[in-house]
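1. Sequence first, predicted model second:
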Amino acid sequence: MTRLSRRSLCATLAVAGLVFGAATADAVEIKKIHFLIPGGAGGGWDTTARATGEALTKAGLIESASFENMSGGGGGKAIAYLIETADRQQGTLMVNSTPIILRSLRGRFPQSFRDLTPIASIIGDYGALVARADSEFADFAAALEAYRGDPRSAKVAGGSVKGGMDHLIAARIFQAAGADPNKVVYVPYDAGGKALAALLSGETELLSTGFGEAIEAARQGQVKILCVTSPERLAAAPDVPTCKEAGADMTFVNWRGFFAAPGLPDELADAYADLLGRMQKTEIWKEIRDRYGWVDIYKPRAEFVAFLEQQEGEMKALLNALGIETVR
């Protein structure tokens, strides 16, 4: 047993709505989960956490799920909160994604994934470059032409801070099309919902976001997706070209997964990881995944850590290639 005695762990789990199952002395049954979301409503983190809670409850794997949005610092506020209140967070999972690597590398917050308990990655969401449905940009080629003439005529909204995931994806798309990535006029908003609202109101001409969010807006007739960063066209939107097809030879997938507070007992961390693995085998999860055009990239515990370490190296090289300084 790590850091907590068997007795104190049982007491903690009881408070958190978790109990030892009858099958074995070490089996942990998770009855409810509180999801901490480091951004506002409507973004990729929010969608992923709520979709996971929906799948877990509808599949009968847990009894209930609750959600808390905590914006600030590009995710840093929620990370600091989870660390500072770790002794009270045994029943909490925080969703995160590639930005936890990016912002740590750039020194935007002092913590990294190593200061938390990585549980598992669950999905990959491709990036998308989006315009309003009534935009003068009929396709990516038109947006690229405008960008080359005057980058301010192709301003890009995103649901993360400058130098964050949405900014980086937009810069990489234009770079892959032969344009200067450092000229992107990027306008940050608190999560994808506000970034979409900015696009629709005319504050920007383009939106860089996850495909899962883009496809929902496209189905409602609000936007058109100019390209998606997948290697092949996606079944959820077969008419949408890949960025490579559109003239920007690049692919990218943004993982999303869950972290727990530091010092979480291994038995509980393993139980969370196992629960998320079982969720991915359910029919309700497959329906949700396909609805958003996600791909499964389940990597539990040690596999997740190895993946994070590998991506840290890859992201550092990419940032440096774009002239963005890193501190780690």
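-> Good, I have the coordinates.

2. For the closest residue to residue 100 other than its chain neighbours, list the residues it contacts.
-> Closest residue to residue 100 apart from its sequence neighbours, by CB to CB, 6 or more residues apart in numbering: residue 113 at 5.6 Å. To be clear about C-beta, it is placed using only N, CA and C from the backbone, and glycine gets the same treatment. Contacts of residue 113 were listed using CB atoms under 8 Å, 6 or more residues apart in numbering, and they are 96, 100, 101, 104, 259, 305, 308.

3. Name the nearest of the residues you listed relative to residue 89.
-> Of all the contacts of residue 113, the one with the least separation from residue 89 (CB to CB) is residue 259, at 10.6 Å.

4. Three-state assignment for that closest one, please.
-> Of the three states, residue 259 takes strand under DSSP: H, G, I helix; E, B strand; the rest coil.

5. Where do the helices of the stretch 1-150 of the chain begin and end?
-> In the stretch 1-150 of the chain, the segments counted as helices under DSSP state H, counting those that start in this stretch are 6-16, 44-58, 76-84, 99-105, 140-149.

6. I'd like to know which elements the last one is packed against.
-> Counting contacts by 3 or more CB pairs under 8 Å, 6 or more residues apart in numbering; DSSP states H and E, helix 140-149 is packed against strand 117-132, strand 223-228, helix 243-246.

7. Run through who's touching the very next helix or strand once past it.
-> Downstream of helix 140-149, the first helix or strand assigned by DSSP states H and E is strand 156-158. Strand 156-158 is contacted by residues 129, 164-167, 170, 184-189, 195-196, 198-199, 203-209 when judged by CB under 8 Å, 6+ apart.

8. Please indicate which of those are buried?
-> 129, 164-167, 170, 184-189, 195-196, 198-199, 204-209 (16 or more other CB atoms under 10 Å).

9. The residues you listed in helices, which ones?
-> In helices, judged by DSSP state H, the following of those are found: 165, 166, 167, 170, 195, 196, 198, 199.

10. what's the closest of these to residue 29?
-> residue 165 (35.1 Å).

11. Show me how far stretch 223-238 is from its chain's centre.
-> Relative to its parent chain, stretch 223-238 has a centroid offset of 18 Å by CA atoms, centre = their mean, to the nearest Å.
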